[in-house]
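[1] Sharing a model prediction with you, sequence too.
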Amino acid sequence: MKNIIKIALLVLTLSLLASCAPNENGGDNGGGGGGQAFTLKATVNAVGEKIEVDVIEGEYASGIYWVIVSDETELIGKNGKKIAKYDIKVGDTLEIVYNGQVMMSYPPQIVARKITVL
């Protein structure tokens, strides 16, 4: 009986470890490419360490969100050229591309792959 329990625990442990392994697109944490992309439109409420937005349009998102800008996030201005995070201003309308993962905090948080000022 003890051997069966040991085997069951070993199988469970190996299953958990396998689920933590990087996925086929390199363990995407939200900032890089690969995987499915989701898009939302939002108005900027504040720009700081994170960008606080109020979602205008999104398949699964609504309300206030914090947008995390990583080193891999592509930032595009109205003119189509690259910009810095602090070029984004309160009141701007953004199109935000992310991987669909939402951190269930208050407010919810997403990691942006690409942000375009509209």
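    Cool, got the structure.

[2] list the contacts for residue 95?
    Taking CB atoms under 8 Å, 6 or more residues apart in numbering, we find residue 95 in contact with 39-41, 115-116, 118. Quick note: C-beta positions are derived from backbone N, CA and C, even for glycine.

[3] 10 Å instead, please
    Residues near residue 95 by CB atoms under 10 Å, 6 or more residues apart in numbering: 39-42, 57, 76, 114-118.

[4] Check residue 89 too.
    Taking CB under 10 Å, 6+ apart, we find residue 89 in contact with 44, 47, 117.

[5] got it, and residue 58?
    Applying CB under 10 Å, 6+ apart, we find residue 58 in contact with 38-42, 65, 96, 98, 110.

[6] Show me which of the residues you listed is closest to residue 82.
    Lowest distance from residue 82 to the contacts of residue 58 (CB to CB) belongs to residue 96, with 15.9 Å.

[7] Report the next helix or strand after the least confident helix or strand in the chain by mean pLDDT in sequence order.
    The helix or strand of the chain with the lowest confidence, counting by mean pLDDT, DSSP states H and E, is helix 2-20 at a mean of 63. Moving toward the C-terminus from helix 2-20, the next helix or strand (DSSP states H and E) is strand 38-47.
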